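1. Provide a 3D model corresponding to the input given below.
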Amino acid sequence: MRKVSMATRRELVEAVGERYRAADRTSKGKVLDEFVAVTGLHRKHAMRILREKAPSRQTARPERRIYTEAVRTALILLWEASDRLCGKRLRPLIPILIEAMEGHGHLDLEPTIKAKLLQMSAATIDRALKTVKEGSPRLRRRGVAGSELRRSVPIRTFSDWGDPAPGIWKQTLCHTAGRWRRVAGHALCLKGSCPMSRPPLPPFTHETALQKVRAAEDGWNGRDPERVALAYTEDSQWRNRSEFLQGRDAIIAFLATKWSREHDYRLIKGLWAYEGNRIAVRFAYEWHDDAGTWYRSYGNENWEFAIDGLMARRIASINDLPISEGERLFHWPLGQRPKNHPGLEKLGL
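-> Coordinates of the predicted model:
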């Protein structure tokens with residue numbers, strides 16, 4: 001079937017419609033055959049549109065401007081402050097830039113302009129900045145290290161690290177000569193001795209949400225309270241069943257108590273939903289008490305993350321189901337669940 005654009009079809013209907021309506025029965029059949037052959041439309045549908053007189057064309061609707069010049073001016077200022085990031089990277093940074101620049105007196109936005117900036121999509125940001133980008137010279141960025149040095153240093157990505165990364169990345173915004181600039185650099189530190197980010201970072205995609213869920217499962221299956229607590233902010237808030245906790249020290253004490261009474265602990269988590277910096281998870285874990293009674297605990301968790309990827313809030317509801325040892329489904333060696341082990345869905349949980 002040949003595909004014809006709407007504009008071409010409209011022209012054909014106007015050109016052929018008058019001839020079709022004025023023709024006799026035999027001639028109509030020939031006109032209809034030609035029209036169907038050209039457009040690929042069904043014969044009955046072609047007859048209907050040719051019988052009807054084509055409506056008069058309406059003038060084009062005037063462009064509706066959602067974002068005014070004031071919004072665009074404020075966006076350009078934020079873009080310059082971010083060192084001219086692309087729309088995809090600038091969008092999640094806009095709330096932080098507005099808060100920081102207003103706090104230091106470098107920006108004073110009306111509520112309506114601020115609301116418009118916060119609702120702009122990445123594509124809209126790129127369109128709004130298109131003209132200013134075209135008129136700006138492109139700066140060539142040069143690395144600080146030579147190619148020989150770069151080739152001699154082994155590189156490990158975030159997925160290659162099984163422990164906290166050995167450093168942090170710092171950025172500082174400074175205002176000089178009427179322009180905002182970003183000064184960035186590495187600050188190296190001993191493992192666990194300084195604050196750090198925990199990728200993947202929000203806002204989450206389906207892929208990064210799955211990574212976050214699996215990382216949490218692997219950490220809890222390791223049953224190391226101090227190591228698990230590093231995935232949470234210093235003042236992280238928890239509700240676990242009927243217990244309310246706040247802070248890493250409380251989390252470490254809670255987990256130590258938990259795993260001292262829940263023996264042979266094995267956990268599987270599954271992604272339920274995600275949006276922005278929040279993830280909903282369902283899970284099940286099997287364990288036995290000091291008397292040897294086995295349980296399968298079912299639960300749901302709601303997670304909320306800080307911008308650095310650490311979990312700022314965890315809300316968990318859990319129910320314990322006594323099971324016999326023969327009803328157990330989790331049998332892998334203690335520690336992380338093997339990659340080829342089925343998840344909750346395949347186990348019928």
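
2. does residue 70 sit in a helix, a strand or a coil?
-> The local conformation at residue 70, judged by DSSP: H, G, I helix; E, B strand; the rest coil, is helix.

3. likewise for residue 112?
-> Here residue 112 is helix, with the state taken from three-state DSSP.

4. how far away is it from residue 47?
-> To residue 47, residue 112 is 53 Å away according to CB to CB, to the nearest Å. Every C-beta, even on glycine, is put in place using the N, C-alpha and C of the backbone.

5. so those two - more neighbours on which side?
-> The neighbour comparison of residue 112 against residue 47 (other CB atoms under 10 Å) goes to residue 47, with 16 against 11.

6. in this structure that one contacts residue 32, no?
-> Yes: the pair residue 47 / residue 32 is scored as a contact, 6.4 Å apart, by CB atoms under 8 Å.

7. and the most centrally placed residue in the chain, what helix or strand is that in?
-> Nearest to the mean C-alpha position of the chain, by CA atoms, centre = their mean, lies residue 204 at 2.6 Å. Using DSSP states H and E, residue 204 sits within no helix or strand.

8. how about the nearest residue to it, chain neighbours excluded?
-> Nearest non-adjacent residue to residue 204, counting by CB to CB, 6 or more residues apart in numbering: residue 274, 5.0 Å away.

9. name the SS class of residue 346, please.
-> Applying three-state DSSP: residue 346 is coil.

10. which stretches of the protein form helices?
-> All helices of the chain, identified by DSSP state H, fall at 6-22, 25-39, 43-51, 69-81, 87-103, 111-119, 122-128, 130-134, 147-152, 206-222, 225-229, 248-261.

11. closest one to residue 313 among the ones you listed?
-> Residue 313 sits nearest to helix 248-261 of all these, at 12.1 Å, using CB to CB.

12. now the closest one: mean pLDDT?
-> Averaging pLDDT along helix 248-261 yields 95.

13. what's it packed up against?
-> With contacts taken as 3 or more CB pairs under 8 Å, 6 or more residues apart in numbering; DSSP states H and E, helix 248-261 sits against helix 225-229, strand 232-240, strand 243-246.

14. so for residue 296, which of the ones you listed sits nearest?
-> Nearest to residue 296, of the helices and strands packed on helix 248-261 and by CB to CB, is strand 232-240 at 17.4 Å.

15. how many neighbouring residues does the residue nearest to residue 341 when sequence neighbours are not counted have?
-> Sequence neighbours aside, residue 332 is the residue nearest to residue 341 in space, at 5.7 Å (criterion: CB to CB, 6+ apart). Residue 332: 12 surrounding residues under other CB under 10 Å.

16. may I have the predicted confidence score for residue 332?
-> On pLDDT, residue 332 comes in at 95.

17. residue 104 now?
-> With respect to pLDDT, residue 104 scores 83.

18. look up phi and psi at it.
-> When quoted as degrees, to the nearest 10, the phi and psi of residue 104 stand at phi -100, psi 10.

19. how far away is it from residue 80?
-> Distance, residue 104 to residue 80, using CB to CB: 15 Å.

20. kindly report the same for residue 97.
-> Going from residue 97 to residue 80 by CB to CB gives 10 Å.

21. so the two - more neighbours on which side?
-> For residue 97 versus residue 80, the count of surrounding residues by other CB under 10 Å is larger for residue 97: 20 against 16.

22. the residue nearest to the more buried one when sequence neighbours are not counted: neighbour count?
-> Spatial nearest neighbour of residue 97, chain neighbours left out: residue 78 (5.1 Å); criterion: CB to CB, 6+ apart. Taking other CB under 10 Å as the criterion, the count of residues near residue 78 is 21.
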